[in-house]
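> build me a structure from this.
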Amino acid sequence: MTNHCLIDRRAFLVAGGLGFFGLNLANAAAYGAGDGSPARRRTAKSTIMIWLGGGASHIDTWDMKPNAVAEYRGPFRPMPTSARGIELCEYLPHLARQAHHLAIVRSLGDHGRGTGDHHAGYYYNLTGHAPDRTFHQLLNARTPYPTDWPAMGSVVAMKRPPHAFLPNAITLPSKEGAPEYTRPGQFAARLGIAYDPVFVEGTRERPLDFTVPALSLRGDVSTDRMLARRGLVQSLDQSRRQAEHDLAIRDYTIHQQRAFTLLGSGQVQNAFDLRREPEALRAAYGPGINAMSMLLARRLVEAGVPYVTVFWKGNMQVAELCKSGGGWDTHGNNFNCLKDHLLPEFDRPFAALLDDLHQRGLLDETLVLVSSEMGRKPRIGDPRSGGPNGAGRDHWTAAQSVLLAGGGIRGGQVYGASDRRAEYPADNRVAPEHIARTVFHAMGIDDLHATDREGRPFHLMEQGRPLWELF
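Here you go, the predicted model:
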């Protein structure tokens with residue numbers, strides 16, 4: 001193999017912010033004059049996507065079936081909300097008071113295009129593109145490919161003008177699947193790593209202290225010394241000219257320059273400093289890394305970041321209890337895991353986020369999306385965790401729900417319906433491509449033409465349509 005460009009590994013990593021592939025590779029009504037076409041409206045400036053990794057149970061949260069038989073409905077009961085005619089799980093009391101902001105899509109499913117496993121579910125719901133045959137062949141061994149379709153956040157990052165001092169797309173507080181493997185669908189892929197989200201790391205142990213890898217220096221490297229390494233870029237010019245045809249080198253150069261820009265910006269440091277928020281507001285969101293991630297997401301969209309993804313940070317202390325990875329993959333003990341851990345940890349900060357955005361006048365210009373890779377099997381009992389006695393719910397990609405709010409979305413509504421057991425979409429069936437197109441439409445991105453890493457034109461999404469009825 002010919003080395004086009006020799007780069008010291010340590011300098012390469014310290015520059016930070018590399019994508020996964022590295023070198024290897026809204027306020028008007030929805031309708032116009034009654035003809036089904038969308039009216040002109042103000043578009044959203046930002047999107048916050050909250051991803052409930054593992055597969056949140058739709059039938060136990062926002063699509064309850066109280067009249068189904070016990071082996072489907074479970075012990076939870078619905079409660080009324082601030083939105084007339086909409087009920088949520090009794091263990092979502094804070095969100096119930098904010099339901100007038102919500103649009104709940106209850107008719108989402110993969111319609112047989114998925115595999116039933118996490119990787120395909122991530123890919124389909126994060127990109128809006130159905131999994132290809134490699135997902136069916138490799139299942140959860142399928143890693144990200146540079147030819148994959150880009151994540152919604154990467155599309156937004158490409159289509160929006162560059163932010164003055166922050167990345168256009170940010171992911172926090174974890175990169176999904178790391179370190180053992182990384183789940184497909186969360187990268188720019190064929191658009192090139194220049195549009196990869198910047199990864200911001202947070203921990204359960206220190207929820208106020210987020211680490212931006214592009215801002216993190218080794219102990220023996222000062223900021224001044226790091227900035228002086230701009231000379232490294234100049235020293236690579238000759239080698240880079242010899243490798244101008246190498247697209248990976250080109251992408252790396254763009255990403256490296258962005259890393260240097262981040263390193264020198266005090267504004268960036270301030271944007272990630274949660275201690276600047278009043279203590280009373282932090283308390284309203286509640287404790288913990290997922291709560292502080294939602295608060296940080298609000299800070300970032302307030303600073304003008306177009307797309308922020310909050311990947312739910314699992315709690316390994318409940319992994320064995322739930323037969324899961326610490327998140328929403330409740331193969332066992334589904335009801336106690338939801339009631340005692342997952343729902344309280346989600347309910348309070350998410351409701352606080354909606355209220356916070358609303359009080360600041362930001363909700364109309366910020367689309368908020370809660371999604372997941374799948375729902376849970378409506379019939380209780382996963383054979384891998386004791387069957388009915390284990391009280392778990394298995395994977396279920398045939399039906400799930402998503403929540404939307406803000407960004408021109410009309411609150412207090414439900415779109416579509418699942419059948420009487422929440423097993424399959426029944427009315428107004430939609431697929432992940434419809435959700436992706438809805439996000440793009442809310443953000444004012446209706447031109448979905450792009451060029452790939454080799455400069456060839458292609459269309460980012462030809463399937464689906466925006467759910468104009470929601471606006």
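
> which residues touch residue 326?
Residues near residue 326 by C-beta atoms under 8 Å, 6 or more residues apart in numbering: 314, 315, 316, 317, 318, 319. Every residue, glycine included, has its C-beta placed from N, CA and C.

> which among the residues you listed gets closest to residue 469?
residue 314 (34.6 Å; C-beta to C-beta).

> how close does the closest one get to residue 155?
Distance of residue 314 to residue 155, given as C-beta to C-beta, to the nearest Å: 27 Å.

> name the helix or strand of this protein that has the lowest mean pLDDT.
None of the helices or strands of the chain scores lower by mean pLDDT, DSSP states H and E than helix 9-15, at a mean of 32.

> hang on, the earlier thing: dump the contacts of residue 326 to CSV, plus distance to residue 141, neighbour count and pLDDT.
CSV is the format used below for the contacts of residue 326 (distance: C-beta to C-beta, whole Å; neighbours: other C-beta atoms under 10 Å; pLDDT from 0 to 100):
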residue, distance to residue 141, neighbour count, pLDDT
314, 21, 22, 95
315, 26, 21, 94
316, 23, 12, 92
317, 28, 10, 90
318, 26, 18, 92
319, 21, 15, 94
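
> correct me, but residue 415 touches residue 86?
No. Using C-beta atoms under 8 Å, residue 415 makes no contact with residue 86, being 11.6 Å away.

> so what's in contact with those two at the same time?
residue 104.

> mind listing what's buried in stretch 126-146?
For stretch 126-146, burial by neighbour count (16 or more other C-beta atoms under 10 Å) applies to 126, 127, 128, 129, 130, 131, 132, 134, 135, 142, 144, 146.

> let me fix that: stretch 452-468
Residues of stretch 452-468 classed as buried: 452, 453, 460, 461, 464, 466, 467, 468 (neighbour count, 16+ other C-beta under 10 Å).

> number of nearby residues for the closest residue to the third one other than its chain neighbours?
Computed as C-beta to C-beta, 6 or more residues apart in numbering, the closest residue to residue 460 that is not its neighbour in sequence is residue 448, at 4.1 Å. Taking other C-beta atoms under 10 Å as the neighbour definition, residue 448 ends up with a count of 15.

> okay but residue 448 is in contact with residue 457, surely?
No. Assessed by C-beta under 8 Å, residue 448 is found out of contact with residue 457, at 11.5 Å.

> stretch 169-180: which residues count as buried?
Buried residues in stretch 169-180, counted by 16+ other C-beta under 10 Å: 169, 170, 171, 172, 173, 174, 175, 176, 177.

> can you list contacts of that stretch?
With C-beta under 8 Å, 6+ apart as the contact definition, stretch 169-180 has outside contacts at 20, 51, 53, 122, 151, 153-154, 156-157, 182-183, 186, 195-203, 210, 289-290, 292-293, 296-297, 300, 305-311, 313.

> just the endpoints, please. Distance across it?
Stretch 169-180 has an end-to-end distance of 24 Å (criterion: C-alpha to C-alpha, to the nearest Å).

> now swap in stretch 293-313 and tell me
Per C-alpha to C-alpha, the first residue of stretch 293-313 is 9 Å away from its last.

> in a helix, that's where residue 401 is, yeah?
No. Counting by DSSP: H, G, I helix; E, B strand; the rest coil, residue 401 is not part of a helix but strand.

> low pLDDT regions in the protein?
1-41, 213-265 (pLDDT under 70).

> can you put the contacts of residue 326 in JSON lines and add secondary structure?
Shown next, in JSON lines, are those (three-state DSSP):
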{"residue": "314", "secondary structure": "coil"}
{"residue": "315", "secondary structure": "coil"}
{"residue": "316", "secondary structure": "helix"}
{"residue": "317", "secondary structure": "helix"}
{"residue": "318", "secondary structure": "helix"}
{"residue": "319", "secondary structure": "helix"}
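
> all helices for the stretch 251-400 of the chain, in order.
Using DSSP state H, counting those that start in this stretch, the helices of the stretch 251-400 of the chain run over 266-271, 279-285, 289-302, 319-322, 334-337, 343-359.

> let me have those helices in CSV, adding distance to residue 163 as columns.
Formatted as CSV, the helices of the stretch 251-400 of the chain follow (distance: least, C-beta to C-beta, whole Å):
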stretch, distance to residue 163
helix 266-271, 10
helix 279-285, 24
helix 289-302, 10
helix 319-322, 37
helix 334-337, 38
helix 343-359, 19
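
> closest one to residue 392 among the ones you listed?
Of all the helices of the stretch 251-400 of the chain, helix 334-337 comes closest under C-beta to C-beta, at 5.1 Å.

> list the buried residues of the closest one.
Residues 334, 335, 337 are the ones in helix 334-337 that count as buried (16+ other C-beta under 10 Å).

> now stretch 338-351
338-339, 341-351.

> ok, so of the residues you listed, who is nearest residue 47?
Nearest member of these to residue 47, counting by C-beta to C-beta, is residue 350, at 15.1 Å.

> next one: the closest one relative to residue 187, how far apart?
Taking C-beta to C-beta as the measure, residue 350 falls 26 Å from residue 187.

> before we move on, back to that, for the buried residues of stretch 452-468, work out which two are farthest apart.
453 and 468 (32.6 Å).

> can you give me how far stretch 169-178 is from the chain middle?
Remark: stretch 169-178 is offset 9 Å from the chain centroid, using C-alpha atoms, centre = their mean, to the nearest Å.

> now do the end-to-end distance for it.
End-to-end distance for stretch 169-178, by C-alpha to C-alpha: 19 Å.

> swap in stretch 166-185?
End-to-end distance for stretch 166-185: 22 Å, by C-alpha to C-alpha.

> all helices of the stretch 1-150 of the chain, in order?
Secondary structure of the stretch 1-150 of the chain (DSSP H, counting those that start in this stretch): helices at 9-15, 70-73, 93-96, 118-127, 133-138.

> quick check: which of the ones you listed is buried the most?
helix 118-127 (a mean of 27; mean count of other C-beta atoms under 10 Å).

> now for that one, which elements pack on it?
Other elements packing on helix 118-127 under the criterion 3 or more C-beta pairs under 8 Å, 6 or more residues apart in numbering; DSSP states H and E are helix 133-138, helix 432-442.

> convert the last one to CSV, retaining C-alpha atoms only.
What follows is helix 432-442 as a C-alpha-only set of coordinates in CSV (Å, rounded to 0.1, in the frame of the first residue of the first chain):
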residue,chain,number,x,y,z
PRO,A,432,-39.1,6.5,9.0
GLU,A,433,-38.6,8.2,5.7
HIS,A,434,-41.8,10.3,6.4
ILE,A,435,-40.4,11.3,9.7
ALA,A,436,-37.1,12.3,8.1
ARG,A,437,-38.8,14.3,5.4
THR,A,438,-40.9,16.0,8.1
VAL,A,439,-37.7,17.1,10.0
PHE,A,440,-36.2,18.5,6.8
HIS,A,441,-39.5,20.3,5.9
ALA,A,442,-39.6,21.8,9.4
